[in-house]
Structure formats: C-alpha cells, structure tokens
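Q: sequence isn't available, so here's the structure alone:
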C-alpha cells in the first residue's frame, strides 16, 4: 500500500532519522515506538504528505490509495452541529445524493422521453445510484450513529453545536469522521487522549476489524498491545521493525538490547586491546607502519550504540508526611449542580487512610468535579468532612490553572521545594527529562506533556499524605509514566486517581468509584475486575432491554386474547403442574447457558476470539434468548 524508501529528515543541525525503509501492507496494525523526540509524530506527518522528508520518498502503491490522518491540532468550522460536522466526512456521498435528487426531479418534470439527453439522465442515475450504494450511502446514518455513540456521544448531542464542546470532544468528532471514511491507511496520533475507558475499548474493537492498515502513536500500553500486530521502533536515528504487538515487542526489544550490550562490551574490549597495540607499536620505528594500519582499521569500525533508558535508574519517591487520622473523607449526600444540570447527587462514602481509589466512568459524569471538591477547589451540595491531619497534594487536569507561565522550569520547581527537598530539585527535574538548558525554559512555552511532567515533579518536592490526581498520564510518554507509577506504588498515603489508562491503573488501585447516570457507586476490586464486571453488566442491560420490549409486546397480544380461554388454562390444575415443571426445566437450562456464556466472555477478555468461537458464542446467545422467551410465555400462562 505504502512503500517508504531511504527516508531521512535533517533537523536542527543533525538527522532526526535517516535511511528509513519499510512497507505498510493491508491489514497491518503498526505501533510506532521510541522515546520522546525520536520522531514518531513527525514520521506520521511525512506518511500523510503533510510534511516532506529531506531525502527518500513515500510511494503510494496504487493511484487510489486514500490516507486519513488524526493529528493533535484541529480546526473546526463554527456553526455546525455534531451531526453536520461528522457528515463532512462524506463529501462524495453528499454530492452524489444531491445529483440523484436533481435527476429524479428532472425525470418527473420532463416529457421528452425519447431524446438522447433524457436517456443520459437515466444512465447517470444508474451510475450514481450504484456508486452511492457501493460507498455505503444507504447505511450512512446508521454508521454515523454507531460510531458517534461508540466514542461517547449521546443522541441528544447530535444536534448540539460543536462550538459548545471542549477540545477533547471535538477531537472525538474528528476521529469519528476518519473512522467513517474507511481510508486505506489510517494514521492516528494519540487517539486515546480525551477518551474514557469504555470509548477506548470500543475503539480497540473497531480498529481490530478495520479493513485498511493502521499506523498509530500512543502512550497507552494496553491499547497498543491490543490493537497492534507489528511495532516499528525509532531508535538511534533509524528503525527496528518487529513483527509483533507492543507487549511482545517489549520482550523482543529487551532480548535485542541484551545482545547489543554484550556485542558493545566485546567491541569496547577489542578497541581497547587495539589501542594498546597501537601505543606499543608507535614507540618503535620498525612497527610504525603496523601502527598506522591498526589506526585505519580502528577508524573504520562502526561503533555499537545502545539506547536503553531503564526507569529503575530513576528512584523517585514522595516526601514522607505526618500520619493522618483513620478517616480521610466522609461524604453525606454530596452532589454538584451547575444551574439546571445535575452532574451527580446523593454520594455517600468513607475513604480511609491508605486506600488506593480510582474514579472511573464516562466523561461528563463528575469524576473531575468530585476530585476538585475533595481538593477544596470547588464547593458542593451536601456535607464532605475532611479527616484529622490530612495534607492534600492535588494534580489538576488543566495545568495552566496551577503553573505560573512567567517562571522558568527551575524556578517553578524550587518554589515548590522545602529545605529538605531543595538539594534534589535538579535531579528530579532530570528524571522527568528536564536536563541542561531545558530547566531555563519559561513555563508558558512548555507543551502539554512538559507541563504535566513539571507538575508531577512539584508533587514529589512537597510532603503529602493524600494525593488527588486528575488524569496525570495525559501527554506523558511511556518512560515518564513508568517513573511516576513506580513512585505511586511506593507511596504510603491515600491515593485518589482519575484516569482512563488501564495499564497505569493496574496495580495502583484496589477500589473503584464508578460514576454513572448521576450516581457514585463503590466497587471493591482492581480495574481489570471492574471492567470484567462492567462488561457483563452491559450485556445484561442489553438483554434486559430486549426482554422488556418482548414482554411488552407479548402483554399487548395477551390482552387481546379471549379472557375466558386464559382463565380456563389458569384454573386447570394439571395444566399448571405441567407448566410449572416446564418453567423449572427452562430455569435450569437458562442458568447453565448463562454460566457457559460467562465462561466464554472471561476467555474473550484474555485473548482474541477465533471466528469459530465467536460463532459458537452467538449461537448460544440466540439459544438463551429463545429459552428466555419460552420461560416468559409459560410464566404468563400461570399468572
């Protein structure tokens, strides 16, 4: 599909990467890996045609190859609804629809049936209609609704103007447009930013069955591991191509680096021995020619470079604080409304010392709002009591609110430090990739990721016994996330964290606060246990909705039946006994089917199902539906 040959980019006095060659094939799911600044996003821009390389070329292997690119900086036209903006993805379909409507109108109005122009209209209508159908025009609205709702929009949002949505929600609209266009190659730069967990899981499933090729940059390890089947790492200004998903890539990369390190060690030993011989021969006139020969050979040796930043080298930790009381927070009927809109209400909970809690739920359900209430940034309805000796450290999602733009990075960090931590300021800044002259940058020129790293660094310079963190991993690279995750694992205090990063939450939180439908509900267990539970609940909700609809239909039919006939059946003792036996048998069969389906669903959560397993699963679901209908029908007979 795309052939990349000897691609290079000269940037800031040196090569960002050079002699990069690889091919993107149909059905490839490629994750781009590499440290911050390696050139991942830049490579996406070159593949899209938005940017040109200094050398080499990107060749489309086919004249009609279509490329879609999701980038971080978006431009939106004001005044369009979510639905209208999403429909902009189908410019050809919209144009065809207008042409078809025009021709149909002409065919109704004109009477020159035998003319050549009239027959051409009929031919054009046939061509346009076939093209419209081939591009999916007849299922366009259904597809739009499915994708928009999969990405977290509600039907009520469809007719709202895009102007009222935040940048994160506008990014979802742009992503929806790209997914609907069915491009041959889909380039995605951080597609999970601003998505909640449910939307991320939906996107994973969508991309797994996507017809084209996908190339993506992401710092969400679980998302990468689930979606990708190939990983291209940009390292030491070139690439390494692994035919493996991200999780397997990490293992293969470790093996490769281990071999490189051994080869580097052997090479260094060889160079050292050669240099000793050169020094020895140089002292003797009879050996001068031999020394010169060895020096030339030494100059020709291509030095082995190993790029391996191990996060275990950066042992950062939170400052110890005084011990608080047993109860950190006690909430009684806590809620929050903005005008007529109630975000959540009647939240009752205790948070005790040492608990690690994750706030999960769809965007807009109140996770950030409750975090701000706990951090005393926002007031609330109801009563929220804070425990004795509680010292709160708060990481805000929007760092512009808590950082001073006119200060340098070093000044901002030093102002947050105390006497004990001030000597560690530069070391901590270095651990978060602020090195050398970078500490003199003004805060106002920092990127989103740099602001997050600085804010996290500040938290490590102050003593807290309660940490409230709202999306701390946004814009962070994998290396930085591992540093902060290691520090949080070793944190002795109470942790309350809002995040959609499943890999980051894994091993951090042992209790979940679920925000759903205006309520806050506690769930004891980690993020993976919660997601397994939520998956089952979602499936049950769908089945229950179908059952209720079926029940309503049957009740309406039953009401139209002859009342006398119904009473006769109900009063027959033999008939009742037979029906009761049949109901009991059906209940046992339904319970067994639900048990088998649950086991299959658990297996699906651990590995991708084969087509045969999916077929078995769907057949069992259909069988369960039929048995449920039989059970409901027999239950009506004895009522």
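A: That came through, no problem. Owing to the predicted nature of the structure, the values given are computational and were not obtained by experimental measurement.
Q: remind me which residues of the chain are low pLDDT?
A: Scanning the chain for pLDDT under 70 picks out 12, 72-74, 285-286, 307-315, 399-401, 538-577, 605-606, 608-609, 611, 638-639.
Q: rerun at 50
A: Across the chain, the ranges flagged by pLDDT under 50 are 311-312, 542, 570.
Q: buried residues of the longest helix anywhere in it, list them for me.
A: Secondary structure of the chain per DSSP state H: the longest helix is helix 246-282. By neighbour count with 16 or more other Cβ atoms under 10 Å, helix 246-282 contains the buried residues 246, 249-250, 253, 256-257, 260, 278, 281. Just so you know, the C-beta spots here come from the backbone N, C-alpha and C atoms, and that holds for glycine as well.
Q: for those residues, which two are the farthest from each other?
A: 246 and 281 (50.5 Å; Cβ to Cβ).
Q: what about the longest helix of the chain, distance to the chain center?
A: 38 Å (Cα atoms, centre = their mean, to the nearest Å).
Q: got it, and stretch 139-155?
A: On Cα atoms, centre = their mean, the centre of stretch 139-155 falls 18 Å from that of its chain.
Q: now what about it, what contacts it?
A: 82-83, 86-87, 90, 93, 136, 157-158, 172, 175-176, 179-180, 195-196, 198-199, 202-203, 206, 362-363 (Cβ atoms under 8 Å, 6 or more residues apart in numbering).
Q: tell me the centre residue of this structure?
A: Nearest to the mean C-alpha position of the chain, counting by Cα atoms, centre = their mean, stands residue 192 at 3.0 Å.
Q: quick one: that one and residue 217 touch, right?
A: No - counting by Cβ atoms under 8 Å, residue 192 sits too far from residue 217 to count as a contact (10.5 Å).
Q: buried sites along the next helix or strand after the longest helix of the chain?
A: For helix 246-282, the succeeding helix or strand toward the C-terminus, using DSSP states H and E, is helix 288-300. For helix 288-300, burial by neighbour count (16+ other Cβ under 10 Å) applies to 291, 294.
Q: what packs against helix 288-300?
A: helix 246-282 (3 or more Cβ pairs under 8 Å, 6 or more residues apart in numbering; DSSP states H and E).
Q: residue 36 reaches residue 479, doesn't it?
A: Yes - with contact defined as Cβ under 8 Å, residue 36 counts as touching residue 479 (7.2 Å).
Q: shared neighbours, these two?
A: Contacts common to residue 36 and residue 479, judged by Cβ under 8 Å, 6+ apart, are residue 433.
Q: thinking again about what came up before, assign a three-state SS to the residue nearest to the centre of the chain, would you?
A: The three-state assignment at residue 192 reads coil, by DSSP: H, G, I helix; E, B strand; the rest coil.
Q: residue 404 now?
A: What three-state DSSP gives for residue 404 is coil.
Q: next, count neighbours for residue 532.
A: 16 (other Cβ atoms under 10 Å).
Q: from residue 502, how far off is it?
A: Look at residue 532 and residue 502: by Cβ to Cβ, to the nearest Å, they are 12 Å apart.
Q: what of residue 31?
A: Taking Cβ to Cβ, one finds residue 31 at 16 Å from residue 502.
Q: higher neighbour count, these two?
A: Higher neighbour count among residue 31 and residue 502: residue 31, with 26 against 21, using other Cβ under 10 Å.
Q: ok but the more buried one is inside a strand, no?
A: Yes - per three-state DSSP, residue 31 lies within a strand segment.
Q: looks like it contacts residue 223 (just checking).
A: No - under the criterion of Cβ under 8 Å, residue 31 is not in contact with residue 223, lying 9.1 Å apart.
Q: can you list residues touching both of these two?
A: With Cβ under 8 Å, 6+ apart, residue 31 and residue 223 have no common neighbours.
Q: how about residue 201: what's its closest non-neighbour residue?
A: Nearest non-adjacent residue to residue 201, counting by Cβ to Cβ, 6 or more residues apart in numbering: residue 531, 7.6 Å away.
Q: that neighbour: which element?
A: Assigned by DSSP H and E, residue 531 belongs to helix 527-560.
Q: ok, now residue 599?
A: Assigned by DSSP H and E, residue 599 belongs to helix 573-606.
Q: restricted to helices, list the contacts of stretch 139-155.
A: 82-83, 86-87, 93, 172, 175-176, 179-180, 198-199, 202-203, 206.
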